[in-house]
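1. What follows is a predicted structure for the sequence shown.
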Amino acid sequence: MAASACAWDTVLSRRIPRKPLSSIDLTTLAAFHLTPPEESQLDRGILLFNAGAFWEAHEAWEAIWQNRPEDGRFFIQGLIQLAAAYHQLSRKIYRGVVIHLKQARDRLKLFPPQFLGIDVAPILRTIDASMAAIQARENLADVDWQAVKVARIERCQRQPC
């Protein structure tokens, strides 16, 4: 019993407290150094995402997000929210699509156009175009969901990014 309690305390002590986006100091948002395993997870998540395996991409990125204490982790959370939006789209849970796209946009727009080696600007343009198409309809039942574009995540071509 004591060993079990000790293990639980370790898990709780590693948990990073939640904080709202409004509490972020935007002047401190800088790319953080990813460890080689985290870099592999980021790349794996990108490959999965671009292949349409959104749930699996979400899982790959969550491993990074859960272990990052700095505010830059909101970038990873934005990618996770984006993957969740498209996962909801594939399941035809349209309210979830809208909620997750908004959350992804709210997080990703906090960061520079290139962050952690990812070209963020085209992702935001795709989200904005999708949201405009969705919001152009009076209700979610009238949206042409097959026309909603899925973002593609690209690594920056020029260094540093």
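-> That came through, no problem.
2. all contacts plus neighbour counts: C-alpha atoms, from now on.
-> Fine.
3. residues of the lengthiest helix in the chain that come out buried?
-> Determined from DSSP state H, the single longest helix within the chain is helix 73-90. Buried residues in helix 73-90, counting neighbours by 16 or more other C-alpha atoms under 10 Å, are found at 73-89.
4. what do you get for stretch 103-117?
-> Buried residues in stretch 103-117 (16+ other C-alpha under 10 Å): 103-108, 110-117.
5. ditto for stretch 122-141
-> For stretch 122-141, burial by neighbour count (16+ other C-alpha under 10 Å) applies to 122-124, 126-127, 130-131, 133-134.
6. biggest separation within these, which pair?
-> Using C-alpha to C-alpha, these span at most 18.3 Å, a distance reached by 122 and 134.
7. which regions of this protein lie under the pLDDT threshold?
-> Under the criterion pLDDT under 70, the flagged ranges of the chain are 1-31, 69, 157-161.
8. which stretches of it form strands?
-> 114-115, 118-119 (DSSP state E).
9. so can I have TSV of those showing distance to residue 153?
-> TSV is the format used below for those (distance: least, C-alpha to C-alpha, whole Å):
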stretch	distance to residue 153
strand 114-115	11
strand 118-119	7
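10. quick one: which of those strands is nearest residue 57?
-> Comparing the strands of the chain under C-alpha to C-alpha, the one sitting nearest is strand 118-119, at 14.8 Å.
11. now that closest one, how far from the centre of its chain.
-> Relative to its chain's centre, strand 118-119 lies at 12 Å (C-alpha atoms, centre = their mean, to the nearest Å).
12. How about the spatially most central residue of the chain: what's its closest non-neighbour residue?
-> Centroid-nearest residue in the chain: residue 79, 1.6 Å away (criterion: C-alpha atoms, centre = their mean). Distances taken as C-alpha to C-alpha, 6 or more residues apart in numbering put residue 104 closest to residue 79, at 6.6 Å, once the chain neighbours are dropped.
13. Same check on residue 148?
-> residue 130 (5.4 Å).
14. now do residue 120
-> Residue 120 sits nearest to residue 113 (C-alpha to C-alpha, 6+ apart), 4.9 Å away.
15. got a list of what that neighbour touches?
-> 119-121 (C-alpha atoms under 8 Å, 6 or more residues apart in numbering).
16. change it to 10 Å
-> For residue 113, the contacting residues are 119-124, 156, 161, by C-alpha atoms under 10 Å, 6 or more residues apart in numbering.
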